[in-house]
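> I'd like to go over a predicted model; first the sequence, then the structure.
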Amino acid sequence: MAKHLGRNVILNRDGTPVANMRTKSVSINRELVDVTDDDSSGWAEHLPEAGQMDVTISVEGVISDKTFMSAILDPTYGDEAYTLVYPDTGELAGTFGVTSFSTENAYNEASTYSFELRGNGAVTYTPPA
(Lines give C-alpha, C1' and ligand atoms only; values in the text may rest on other atoms or scores of the structure.)
Protein backbone atom coordinates (compact mmCIF):
# COMPACT_ATOMS: atom_id res chain seq x y z
CA MET A 1 0.00 0.00 0.00
CA ALA A 2 1.32 3.46 -0.87
CA LYS A 3 2.44 5.76 1.92
CA HIS A 4 0.18 8.72 2.67
CA LEU A 5 -0.97 11.03 5.42
CA GLY A 6 -4.03 9.86 7.33
CA ARG A 7 -5.70 13.23 6.87
CA ASN A 8 -5.70 12.62 3.11
CA VAL A 9 -7.90 9.51 3.49
CA ILE A 10 -11.44 10.76 2.84
CA LEU A 11 -14.75 9.19 3.86
CA ASN A 12 -17.59 10.12 1.50
CA ARG A 13 -21.28 9.63 2.33
CA ASP A 14 -23.40 9.53 -0.83
CA GLY A 15 -20.53 11.23 -2.69
CA THR A 16 -20.02 14.06 -0.16
CA PRO A 17 -17.06 14.11 2.26
CA VAL A 18 -18.01 13.63 5.92
CA ALA A 19 -16.82 16.83 7.61
CA ASN A 20 -14.38 17.48 10.45
CA MET A 21 -12.89 14.01 10.79
CA ARG A 22 -9.61 13.31 12.57
CA THR A 23 -9.28 9.53 12.41
CA LYS A 24 -10.64 6.79 10.18
CA SER A 25 -10.05 3.07 10.69
CA VAL A 26 -11.23 -0.06 8.92
CA SER A 27 -11.66 -3.59 10.23
CA ILE A 28 -12.26 -6.50 7.85
CA ASN A 29 -13.33 -9.77 9.46
CA ARG A 30 -13.44 -13.15 7.72
CA GLU A 31 -15.30 -15.84 9.65
CA LEU A 32 -13.64 -19.17 8.98
CA VAL A 33 -15.70 -22.34 8.55
CA ASP A 34 -14.33 -25.08 10.80
CA VAL A 35 -14.20 -28.49 9.10
CA THR A 36 -11.95 -30.18 11.67
CA ASP A 37 -12.71 -33.89 12.13
CA ASP A 38 -11.06 -37.07 13.47
CA ASP A 39 -8.79 -37.22 10.39
CA SER A 40 -7.28 -33.79 11.18
CA SER A 41 -4.75 -35.28 13.66
CA GLY A 42 -5.65 -32.65 16.25
CA TRP A 43 -5.02 -29.71 13.93
CA ALA A 44 -7.76 -27.20 13.12
CA GLU A 45 -8.88 -27.20 9.47
CA HIS A 46 -10.96 -24.56 7.71
CA LEU A 47 -12.57 -24.16 4.32
CA PRO A 48 -10.64 -21.74 2.09
CA GLU A 49 -13.78 -19.61 1.59
CA ALA A 50 -15.02 -17.40 4.42
CA GLY A 51 -18.38 -18.32 5.89
CA GLN A 52 -19.20 -14.68 6.51
CA MET A 53 -17.36 -11.40 5.95
CA ASP A 54 -17.89 -8.15 7.79
CA VAL A 55 -16.42 -4.67 7.24
CA THR A 56 -16.54 -1.99 9.93
CA ILE A 57 -15.40 1.63 9.58
CA SER A 58 -14.78 3.68 12.73
CA VAL A 59 -14.52 7.48 12.59
CA GLU A 60 -13.69 10.25 15.06
CA GLY A 61 -13.86 14.00 14.52
CA VAL A 62 -14.64 17.46 15.84
CA ILE A 63 -18.30 18.50 16.18
CA SER A 64 -19.31 21.44 14.01
CA ASP A 65 -23.09 20.91 13.84
CA LYS A 66 -25.76 18.51 15.01
CA THR A 67 -27.14 17.50 11.60
CA PHE A 68 -25.65 14.00 11.72
CA MET A 69 -26.87 13.46 15.30
CA SER A 70 -30.41 14.42 14.23
CA ALA A 71 -30.25 11.86 11.42
CA ILE A 72 -29.00 9.12 13.77
CA LEU A 73 -31.90 9.73 16.18
CA ASP A 74 -34.47 9.36 13.39
CA PRO A 75 -35.79 5.76 13.61
CA THR A 76 -36.31 5.69 9.82
CA TYR A 77 -32.64 6.56 9.13
CA GLY A 78 -31.21 3.70 7.07
CA ASP A 79 -28.13 2.51 5.27
CA GLU A 80 -26.25 4.82 2.93
CA ALA A 81 -23.50 4.53 0.34
CA TYR A 82 -20.05 5.23 1.82
CA THR A 83 -16.66 5.29 0.10
CA LEU A 84 -13.32 5.41 1.88
CA VAL A 85 -10.84 6.95 -0.57
CA TYR A 86 -7.12 6.27 -0.11
CA PRO A 87 -4.91 8.68 -2.11
CA ASP A 88 -3.15 6.86 -4.97
CA THR A 89 -4.21 3.51 -3.47
CA GLY A 90 -7.89 2.96 -4.27
CA GLU A 91 -11.35 2.98 -2.76
CA LEU A 92 -13.32 0.82 -0.35
CA ALA A 93 -17.04 1.20 -1.13
CA GLY A 94 -20.37 -0.23 -0.07
CA THR A 95 -23.62 0.31 1.76
CA PHE A 96 -23.14 0.91 5.49
CA GLY A 97 -25.38 1.49 8.47
CA VAL A 98 -24.45 3.42 11.60
CA THR A 99 -24.23 1.00 14.53
CA SER A 100 -23.11 3.47 17.19
CA PHE A 101 -22.64 7.20 17.67
CA SER A 102 -21.18 9.06 20.65
CA THR A 103 -19.92 12.49 21.61
CA GLU A 104 -17.33 13.63 24.13
CA ASN A 105 -17.35 17.07 25.67
CA ALA A 106 -14.29 17.46 27.90
CA TYR A 107 -14.03 20.57 30.07
CA ASN A 108 -11.11 22.26 28.30
CA GLU A 109 -11.10 20.58 24.87
CA ALA A 110 -13.02 20.61 21.59
CA SER A 111 -16.25 18.61 21.52
CA THR A 112 -15.72 15.45 19.50
CA TYR A 113 -17.84 12.73 17.96
CA SER A 114 -17.25 9.11 17.01
CA PHE A 115 -19.34 6.65 15.07
CA GLU A 116 -19.10 3.17 13.69
CA LEU A 117 -20.39 1.95 10.34
CA ARG A 118 -21.08 -1.69 9.53
CA GLY A 119 -21.28 -2.93 5.96
CA ASN A 120 -24.61 -4.25 4.68
CA GLY A 121 -23.93 -6.58 1.76
CA ALA A 122 -20.81 -6.73 -0.38
CA VAL A 123 -18.08 -4.17 0.18
CA THR A 124 -15.67 -3.71 -2.72
CA TYR A 125 -12.11 -2.49 -3.07
CA THR A 126 -11.19 -0.78 -6.33
CA PRO A 127 -7.49 -0.10 -7.01
CA PRO A 128 -6.57 3.20 -8.69
CA ALA A 129 -6.82 3.36 -12.47
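Done, it's in. Residues are numbered from 1 along each chain as shown.
> hey, what's the spatially most central residue of the chain bridged with?
For the chain, residue 57 is the residue whose C-alpha lies nearest the centre (C-alpha atoms, centre = their mean; 1.4 Å). Using DSSP bridges, the beta-bridge partners of residue 57 come out as residue 26, residue 117.
> for the one 4 residues further on, same thing?
For residue 61, the residues forming beta bridges with it (DSSP bridges) are residue 21, residue 113.
> neighbours of it, how many?
Neighbour count of residue 61, defined by other C-beta atoms under 10 Å: 19. In this view, the C-beta of every residue, glycine as well, is placed from N, C-alpha and C.
> which residues does it contact?
18, 19, 20, 21, 22, 23, 112, 113, 114 (C-beta atoms under 8 Å, 6 or more residues apart in numbering).
> wait, what's in contact with the third one?
Taking C-beta under 8 Å, 6+ apart as the definition of contact, the neighbours of residue 20 are 61, 62, 63, 64.
> the last one now?
Residues in contact with residue 114, defined by C-beta under 8 Å, 6+ apart, are 58, 59, 60, 61, 101, 102, 103, 104.
> before we move on, what about the first one?
Residues in contact with residue 18 (C-beta under 8 Å, 6+ apart) are 11, 12, 59, 61, 68.
> same thing but 10 Å
Contacts for residue 18 (C-beta atoms under 10 Å, 6 or more residues apart in numbering) come out as 10, 11, 12, 24, 59, 61, 68, 82, 115, 117.
> let's have those in a markdown table, adding pLDDT.
What follows is those, written out as a markdown table (pLDDT from 0 to 100):
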| residue | pLDDT |
| --- | --- |
| 10 | 92 |
| 11 | 93 |
| 12 | 92 |
| 24 | 94 |
| 59 | 93 |
| 61 | 90 |
| 68 | 69 |
| 82 | 94 |
| 115 | 90 |
| 117 | 93 |
